[in-house]
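Student: turn this into a model:
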Amino acid sequence: MLMTSQNQTQIKLTNLIAPAFYKLHWDLVEHKHTHYKLAGGRGSTKSSFISIETIMGMMQDPLANGIVMRKVGRFLEESVFEQLLWAIDALGVSDKWKIRLSPLGLTYIPLGNRIIFRGADDPQKIKSVKLANGYFKYIWFEERAEFEGPEEERTILQSLMRGGTEYAVFYSWNPPKSMNNWVNQDILDDREDTYIHHSDYRTVPREWLGEQFFIEAEHLKQVKPKAYEHEYLGISTGTGGQVFENVTIRSITDEEISRFDRIRNGLDFGYAGDPLAYLKMHYDKTRKRLFIFGEIYAVKMGNKRLAAEIKKLNPMHKLITADSEEPRAIDALNEMGLRVIGAKKGPGSIDHGMEFLSDELEEIIIDPRRCPNAKREFTGYELEQDKNGNFKGSYPDKDNHTIDAARYGLEEDMIKKKARIRDKRKYGFH
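Tutor: The predicted model follows:
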């Protein structure tokens with residue numbers, strides 16, 4: 001039995017909501033968050049959950065209205081509209097809702113509040129939406145991966161989130177394969193007002209999905225396990241070209257930082273519209289771990305301002321290894337009190353550096369709040385494919401500014417390791 005409102009009204013939601021969503025239900029009841037991002041695999045029932053919560057919530061709040069969106073408007077009727085009709089029927093309140101087919105709309109008759117449906121392929125129609133009473137408390141982006149990016153969502157929300165006190169903004173999608181996709185990057189961000197939830201079919205009662213669903217899932221698991229993980233478990237399995245499979249995104253505590261004693265600093269200069277990137281890192285040689293916990297990332301930042309920002313992160317003026325292609329910038333930073341040297345580079349240095357970061361290091365730990373751009377670039381960096389789908393042999397030179405900064409900062413460690421390997425081979429140690 002789950003409670004649906006503050007007035008102790010109860011309903012057997014266990015018959016409608018899979019166990020994976022119980023905690024999320026209570027979070028909504030207690031209004032703990034504003035944004036609810038629900039990723040999951042096929043049959044996870046995430047859309048069923050959102051539809052149930054939206055219908056129940058609107059029936060308890062006379063000021064609550066809802067708006068449901070997909071990127072392409074013509075897909076609304078056969079997806080989210082039908083899903084909300086299912087929720088109305090499942091809750092046994094069909095006689096209390098008025099259904100309109102052109103344009104699509106649902107109205108809760110006792111209170112007069114509405115659910116409207118819009119396609120983001122015509123943003124002006126979203127901006128022009130007006131309500132006679134209340135506000136859009138429930139906002140739902142269905143098939144989120146179809147949208148163009150967070151900027152599009154923000155523009156829409158700026159138009160919709162007005163005049164209210166409490167909001168529940170739902171986002172639902174099946175994660176794309178590539179970690180470079182913007183929706184996969186987005187859920188790595190840590191926001192206090194956001195609840196991130198992942199679900200799959202394994203917590204759903206078998207009778208809800210039907211026995212054949214489970215047979216098909218098990219068959220795919222046996223014959224194509226990667227496809228199974230992506231389609232049924234909602235895992236971003238990657239395109240096969242992901243370079244850094246050793247990245248961990250987590251908070252690095254002040255206590256941990258206080259014990260760091262092998263600080264490395266790397267700087268990649270920006271060129272015109274390209275950003276510059278500075279990283280502050282700790283290299284745990286024994287455990288083969290790299291901690292990235294300080295970042296400067298900006299375009300059109302002059303040397304004077306850059307020096308000031310670096311001094312905040314590097315007050316002891318620890319040595320910085322920078323891109324040697326900018327000797328004038330290095331000289332300028334040194335004149336302002338920093339200790340900067342140019343990277344030695346040399347033939348094969350890029351490949352060697354990338355292999356050190358991706359293969360030699362067992363773990364690259366990145367703090368997402370302190371280093372959001374390092375998080376984005378390391379997790380999203382993938383080999384490119386040619387027109388036949390084959391991976392190219394070189395590392396792509398884009399979206400890699402923090403990666404280059406990490407290479408420069410660790411250059412001396414890589415050179416020493418290379419020398420040790422060479423000496424072992426010279427004297428017959430293998």
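
Student: could you pull out the strands for the stretch 251-400 of the chain?
Tutor: All strands of the stretch 251-400 of the chain, identified by DSSP state E, counting those that start in this stretch, fall at 263-268, 276-284, 289-298, 320-322, 340-342, 363-366.

Student: quick one, helices of the stretch 1-150 of the chain?
Tutor: For the stretch 1-150 of the chain, the helices defined by DSSP state H, counting those that start in this stretch occupy 22-29, 46-59, 82-90, 123-127, 150-160.

Student: ditto for the stretch 251-400 of the chain
Tutor: 254-259, 303-313, 327-335, 349-355, 372-380.

Student: list the buried residues of the first one.
Tutor: Which is helix 254-259. Residues residue 257 are the ones in helix 254-259 that count as buried (16 or more other CB atoms under 10 Å). Backbone N, C-alpha and C define where each C-beta goes, glycine included.

Student: and it, C-alpha only, in CSV?
Tutor: Provided in CSV are the C-alpha atoms of helix 254-259 (Å, rounded to 0.1, in the frame of the first residue of the first chain):
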residue,chain,number,x,y,z
ASP,A,254,38.5,17.5,0.8
GLU,A,255,39.9,14.8,3.1
GLU,A,256,41.2,12.9,0.2
ILE,A,257,42.7,16.0,-1.4
SER,A,258,44.5,16.8,1.9
ARG,A,259,46.5,13.6,1.5
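
Student: excluding its backbone neighbours, what's nearest residue 392?
Tutor: Counting by CB to CB, 6 or more residues apart in numbering, residue 392 lies nearest to residue 384, which is 5.0 Å off, once chain neighbours are set aside.

Student: which of the helices of the stretch 1-150 of the chain has the lowest mean pLDDT?
Tutor: Across those, the stretch with the lowest average pLDDT is helix 123-127; it has a mean of 72.

Student: most packed of the helices of the stretch 1-150 of the chain?
Tutor: The highest mean neighbour count among the helices of the stretch 1-150 of the chain, using mean count of other CB atoms under 10 Å, belongs to helix 46-59: a mean of 24.

Student: if we can go back for a sec, let me have the helices of the stretch 1-150 of the chain in a markdown table, extended by distance to residue 114.
Tutor: Below are these laid out as a markdown table (distance: least, CB to CB, whole Å):
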| stretch | distance to residue 114 |
| --- | --- |
| helix 22-29 | 20 |
| helix 46-59 | 9 |
| helix 82-90 | 12 |
| helix 123-127 | 15 |
| helix 150-160 | 14 |
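
Student: show me what contacts the closest residue to residue 373 other than its chain neighbours?
Tutor: Leaving aside its chain neighbours, residue 373 sits nearest to residue 297 (4.2 Å; criterion: CB to CB, 6+ apart). Residues counted as contacts of residue 297 (CB atoms under 8 Å, 6 or more residues apart in numbering) are 275, 276, 277, 278, 373, 374, 401, 402.

Student: which two among those are spaced furthest apart?
Tutor: Farthest-apart pair in the contacts of residue 297 is 276 and 374; separation 13.2 Å (CB to CB).

Student: ok, back up a step: which of the helices of the stretch 251-400 of the chain sits closest to residue 219?
Tutor: helix 372-380 (31.3 Å).

Student: just to revisit the earlier point, who has more neighbours, residue 276 and residue 374?
Tutor: Using other CB atoms under 10 Å as the criterion, residue 276 and residue 374 rank with residue 374 on top: 28 against 22.

Student: so what pLDDT did the more buried one get?
Tutor: 97.

Student: tell me the contacts of it?
Tutor: Residues in contact with residue 374 (CB under 8 Å, 6+ apart) are 277, 279, 292, 295, 297, 366, 402, 406.

Student: run a quick neighbour tally on the residue nearest to residue 392.
Tutor: Neighbour count for residue 384, taken as other CB under 10 Å: 12.

Student: ok, the residue nearest to residue 250 when sequence neighbours are not counted - contacts?
Tutor: For residue 250, ignoring the flanking residues on the chain, the nearest one in space by CB to CB, 6+ apart is residue 365 at 6.4 Å. Residue 365 makes contacts with 247, 248, 250, 252, 289, 290, 291, 292, as judged by CB under 8 Å, 6+ apart.

Student: of those residues, closest to residue 111?
Tutor: residue 250 (44.4 Å).

Student: what helix or strand is residue 402 on?
Tutor: helix 401-409 (DSSP states H and E).

Student: residues in contact with that helix?
Tutor: So helix 401-409 is in contact with 264-268, 270, 274-279, 281, 290, 292, 295, 297, 320-323, 343, 349-350, 353-354, 356-357, 371, 373-374, 377-378, 381, 414, going by CB under 8 Å, 6+ apart.

Student: make it 6 Å
Tutor: By CB atoms under 6 Å, 6 or more residues apart in numbering, the list of residues contacting helix 401-409 from outside reads 264-268, 275, 277, 279, 281, 321, 343, 353, 373-374, 377.

Student: so which of these wins on neighbours?
Tutor: residue 279 (32 neighbours).

Student: hmm, residue 265 and that residue touching each other?
Tutor: No. Counting by CB atoms under 6 Å, residue 279 does not reach residue 265; the two are 7.0 Å apart.

Student: how many neighbours does residue 237 have?
Tutor: Residue 237 is flanked by 19 other residues according to other CB under 10 Å.

Student: residue 262 now?
Tutor: 13.

Student: same deal with residue 176?
Tutor: Neighbours around residue 176, by other CB under 10 Å: 16.

Student: excluding sequence neighbours, find me the nearest residue to it.
Tutor: Per CB to CB, 6+ apart, closest to residue 176 is residue 145, 5.4 Å.

Student: one more: residue 304?
Tutor: residue 336 (7.0 Å).

Student: now residue 156
Tutor: residue 126 (5.6 Å).

Student: just to check, that neighbour is in contact with residue 117?
Tutor: No. Shown here, residue 126 and residue 117 do not form a contact pair, counting by CB under 6 Å, at 10.6 Å.

Student: please list all residues in contact with residue 265.
Tutor: Per CB under 6 Å, 6+ apart, neighbours of residue 265: 280, 314, 318, 320, 409.

Student: err, residue 204, not the other one
Tutor: 18, 45.

Student: over to residue 195?
Tutor: Per CB under 6 Å, 6+ apart, neighbours of residue 195: 27, 33, 36.

Student: mind putting those residues in CSV, distance to residue 136 included?
Tutor: Below are those laid out as CSV (distance: CB to CB, whole Å):
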residue, distance to residue 136
27, 20
33, 17
36, 15
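
Student: hmm, back to that, could I get the contacts of residue 297 in JSON lines, plus columns for distance to residue 98?
Tutor: Below are these laid out as JSON lines (distance: CB to CB, whole Å):
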{"residue": "275", "distance to residue 98": "52"}
{"residue": "276", "distance to residue 98": "58"}
{"residue": "277", "distance to residue 98": "56"}
{"residue": "278", "distance to residue 98": "59"}
{"residue": "373", "distance to residue 98": "49"}
{"residue": "374", "distance to residue 98": "52"}
{"residue": "401", "distance to residue 98": "54"}
{"residue": "402", "distance to residue 98": "54"}
